[in-house]
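Peer 1: The following comprises the amino acid sequence and a computationally predicted model.
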Amino acid sequence: MVIGLLTVEMHLPGARSLKDKRMVLRSIKDRLKKFNVAVSETAFQDLWQRAELGIVTISTSDDMVDQALAAARDEIDRVEPGLITRTQVDMMEA
């Protein structure tokens with residue numbers, strides 16, 4: 001079993017309040033449901049224009065985990081272009 005974690009940091013220049021930020025993040029989370037991944041805001045909860053999402057998936061092979069996380073990253077960039085400032089992928093075998 002392979003567990004993959006994609007950490008995505010984003011800059012949200014249009015957010016003028018935490019409510020604005022939450023609307024963008026909720027939209028992203030809703031779009032990622034179709035990729036069978038778990039998504040959570042993992043840092044910067046009190047900042048308006050900065051966000052970090054942790055996206056996790058589990059599969060039987062590295063390739064499937066890579067594909068799922070790449071698809072999630074691409075979907076974020078497609079829906080909200082230019083927001084991603086940093087990504088990191090961590091894999092763990094169990």
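Peer 2: Nice, I can see it. Just so we're clear, the structure is a prediction, and the values are computed from it rather than from any experiment.

Peer 1: and the helix ranked longest in the chain, what other elements does it pack with?
Peer 2: As far as residue count goes, and with DSSP state H defining each element, the longest helix of the chain is helix 62-79. Other elements packing on helix 62-79 under the criterion 3 or more Cβ pairs under 8 Å, 6 or more residues apart in numbering; DSSP states H and E are strand 2-11, helix 18-32, strand 50-59, strand 84-93. In short, each C-beta sits where N, CA and C put it, glycine included.

Peer 1: Would you mind giving the orientation angle of that helix with respect to strand 84-93?
Peer 2: Angular relation of helix 62-79 and strand 84-93 on a 0 to 180 degree scale: 160 degrees, by axes from the mean of the first three to the mean of the last three Cα atoms, to 10 degrees.

Peer 1: how far does helix 62-79 sit from the chain's center?
Peer 2: In this view, helix 62-79 has its centroid 9 Å away from the chain centroid, taken as Cα atoms, centre = their mean, to the nearest Å.

Peer 1: quick one: average pLDDT of it?
Peer 2: Mean pLDDT, computed over helix 62-79, is 94.

Peer 1: Can you give the contact residues for it?
Peer 2: Under the criterion Cβ atoms under 8 Å, 6 or more residues apart in numbering, residues 2-4, 6, 8, 10, 27-28, 31-32, 35-37, 53, 55, 57-59, 83-84, 87, 89, 91 lie in contact with helix 62-79.
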